[in-house]
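Undergrad: Quick one, what's the 3D model for this:
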Amino acid sequence: MRPTTYETEHEMQDRAILVSLVTNEVKRASGDPEHSLQELVNLAETAGVEVLTSLTQNKETPDSKWFIGKGKVEEVRAAAEELGATTVIFDQELSGAQVRNLEEALDLKIIDRTQLILDIFAQRAKTREGIIQVELAQLSYLLPRLSGHGKNLSRLGGGIGTRGPGESKLETDRRHIRDRISDLKGQLEEVVRHRTLHRERRKKSGVIQVALVGYTNAGKSTLLRELTNADVYVENQLFATLDPTSRNLTLPSGKEIVLTDTVGFIQNLPTDLIAAFRATLEEVNEADLVLHVVDSSSPMRDEQMAVVDRILNELGASGKPHITVYNKIDLCVTDGSELLPASSGDAVAMNAYNAEDRGRLLDLVQSKVTGATRTFLFPAERGDLVALAHRSGDVIELEVNGEILRLTVALNKQDYEQHGHKLDEFVEQA
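TA: Model prediction:
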């Protein structure tokens, strides 16, 4: 596997000016352009960029040539000269022509939000699958924009926008780029095949799968670590987790399930990235239960929840049984109780570091993935029914009364739906 990072001997930190174009469409899509710009600051800092200042331009529509208009470009140039900027990062996606025009006018590296997110993913990818997915997403994004990234690719010093595929591959012609994309897709298909086999094996063994999803930095990895003692990277930064992690989790009843942490979502998540990571995100589709982890303390909590819901819908996982986990209530001014629907057992407000809160979450998960406790009366000679009861849940009590066996079973909802219909006629009547 080719390394996806390229370094120079004297790599210097990028010093960036951030630019946001606020159009009517942007206002409708994000609700709060200022929050999006602050998120861009966090993304830049996560990528190791020194943020010098940020500028905002209000226009009804983007300028087809300059994106922000010629006058604003001159303002950016003056600010860059004054502050010693090396890079300009735009909060929206640019076309190849716009990148080329801005590079020529400013003589600086030009990066957009999508490329910045892809760069962070390139830094964080550790597994073979993650590396393949990131390079595929980067090449798919850059292929139609090759003519607009000349300075980015030839500029010495590395930094954001140069990680991943590397300049040598991107300076070859489009045919070679397409060949590389085709090769990566083939490698990814092989990974998908192995993942599917593992998934089918887990299904056959009756293992219940629970997936953690949520906006980036909502606390998913912290929750996984606190629930399972998993040795996972936890940090207060965007996209601290890239490669999915699965760990066994024991419920209060003693039943073991598999809990999987997934990559965090973010508004305007690059389409190419969603496509490349679809194999990983399919874990959400196959889950028996989805835990939507929410940062309760975020001022943009509702908007972030809407982003996650929209992406889950795109993945076809919106109809899954789910629990909304309002995390980080210790950072809120209230106890979080006002967040919970009055008549719903599908939500919990908690602090991932609080053992009592984790216990309440586990009780709720258990109630979701297991069915009711039922008692069955079987003829003593029907060993097949006894075996079926064991496959449909956990037998917690067994009594022998002459020719009748009385079994009390804590049903596993998934297993009972698959096997247990034959037991219905033997349920003990109250």
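
Undergrad: could you list every residue that touches residue 224?
TA: Applying Cβ atoms under 8 Å, 6 or more residues apart in numbering to residue 224 gives the contacts 212, 230, 232, 245, 247, 259, 261. In short, each C-beta sits where N, CA and C put it, glycine included.

Undergrad: quick one: which of the residues you listed is nearest residue 284?
TA: Minimum separation from residue 284 among those (Cβ to Cβ) is found for residue 212, which lies at 9.2 Å.

Undergrad: Is that closest one in a helix, a strand, or coil?
TA: With DSSP: H, G, I helix; E, B strand; the rest coil as the basis, the three-state label of residue 212 is strand.

Undergrad: swap in residue 218?
TA: Residue 218 carries the three-state label coil when classified by three-state DSSP.

Undergrad: Give the full set of residues in contact with it.
TA: For residue 218, the contacting residues are 264, 293, 294, 295, 304, 327, 328, by Cβ under 8 Å, 6+ apart.

Undergrad: picking that back up, so which of the contacts of residue 224 comes closest to residue 382?
TA: Set against residue 382, the nearest of these by Cβ to Cβ is residue 259 (36.3 Å).

Undergrad: Can you get me a residue count around the closest one?
TA: Residues contacting residue 259 under the criterion other Cβ atoms under 10 Å number 23.

Undergrad: Report the buried residues of the longest helix anywhere in the chain.
TA: Taking residue count as the measure and DSSP state H as the definition, the longest helix of the chain comes out as helix 174-204. Counting neighbours by 16 or more other Cβ atoms under 10 Å, one finds that the buried residues in helix 174-204 are 177, 180, 184, 187, 188, 191, 195, 199.

Undergrad: what about the strands in this protein?
TA: 15-22, 50-58, 87-90, 109-112, 208-214, 245-250, 256-261, 289-295, 322-327, 347-349, 370-379, 393-401, 404-412 (DSSP state E).

Undergrad: didn't residue 202 look like it was pressed against residue 209?
TA: Yes: taking Cβ atoms under 8 Å as the definition, residue 202 is a contact partner of residue 209 at 6.5 Å.

Undergrad: Which neighbours do the two have in common?
TA: Among the neighbours of residue 202, those also in contact with residue 209 (Cβ under 8 Å, 6+ apart) are residue 258.

Undergrad: re the thing from before, would you format the contacts of residue 224 as CSV with distance to residue 72 and pLDDT included?
TA: Conversion of those to CSV gives the following (distance: Cβ to Cβ, whole Å; pLDDT from 0 to 100):
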residue, distance to residue 72, pLDDT
212, 41, 92
230, 47, 70
232, 43, 61
245, 43, 78
247, 49, 88
259, 48, 91
261, 41, 86
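
Undergrad: want to throw those into JSON lines with distance to residue 390?
TA: Shown next, in JSON lines, are the contacts of residue 224 (distance: Cβ to Cβ, whole Å):
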{"residue": "212", "distance to residue 390": "30"}
{"residue": "230", "distance to residue 390": "30"}
{"residue": "232", "distance to residue 390": "34"}
{"residue": "245", "distance to residue 390": "31"}
{"residue": "247", "distance to residue 390": "26"}
{"residue": "259", "distance to residue 390": "24"}
{"residue": "261", "distance to residue 390": "31"}
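
Undergrad: Can you redo the strands of the chain as JSON lines, where the extra columns are distance to residue 364?
TA: As requested, those are arranged in JSON lines below (distance: least, Cβ to Cβ, whole Å):
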{"stretch": "strand 15-22", "distance to residue 364": "40"}
{"stretch": "strand 50-58", "distance to residue 364": "40"}
{"stretch": "strand 87-90", "distance to residue 364": "41"}
{"stretch": "strand 109-112", "distance to residue 364": "41"}
{"stretch": "strand 208-214", "distance to residue 364": "11"}
{"stretch": "strand 245-250", "distance to residue 364": "13"}
{"stretch": "strand 256-261", "distance to residue 364": "13"}
{"stretch": "strand 289-295", "distance to residue 364": "9"}
{"stretch": "strand 322-327", "distance to residue 364": "6"}
{"stretch": "strand 347-349", "distance to residue 364": "6"}
{"stretch": "strand 370-379", "distance to residue 364": "11"}
{"stretch": "strand 393-401", "distance to residue 364": "18"}
{"stretch": "strand 404-412", "distance to residue 364": "16"}
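
Undergrad: looking at those strands, which is closest to residue 309?
TA: Each of these was scored for nearness to residue 309 using Cβ to Cβ, and the closest is strand 289-295 (8.1 Å).

Undergrad: now the angle between strand 256-261 and that closest one, please.
TA: If you take axes from the mean of the first three to the mean of the last three Cα atoms, to 10 degrees, strand 289-295 sits at 40 degrees to strand 256-261.

Undergrad: which residues touch strand 289-295?
TA: Outside of strand 289-295, the residues that reach it under the criterion Cβ under 8 Å, 6+ apart are 208-215, 217-220, 223, 284, 301, 304-305, 308, 312, 317, 320-328, 365, 368-369.

Undergrad: and with 7 Å instead?
TA: Contacts to strand 289-295, defined as Cβ atoms under 7 Å, 6 or more residues apart in numbering, come from residues 210-215, 217-220, 223, 284, 301, 304-305, 308, 317, 320-328, 365, 368-369.

Undergrad: Please list only the buried members of those residues.
TA: 210-215, 217-220, 223, 284, 301, 304-305, 308, 317, 320, 322-328, 365, 368-369.

Undergrad: one step back: looking at the buried residues of helix 174-204, spot the one nearest residue 143.
TA: Looking across these and measuring by Cβ to Cβ, the closest to residue 143 is residue 177, at 5.3 Å.
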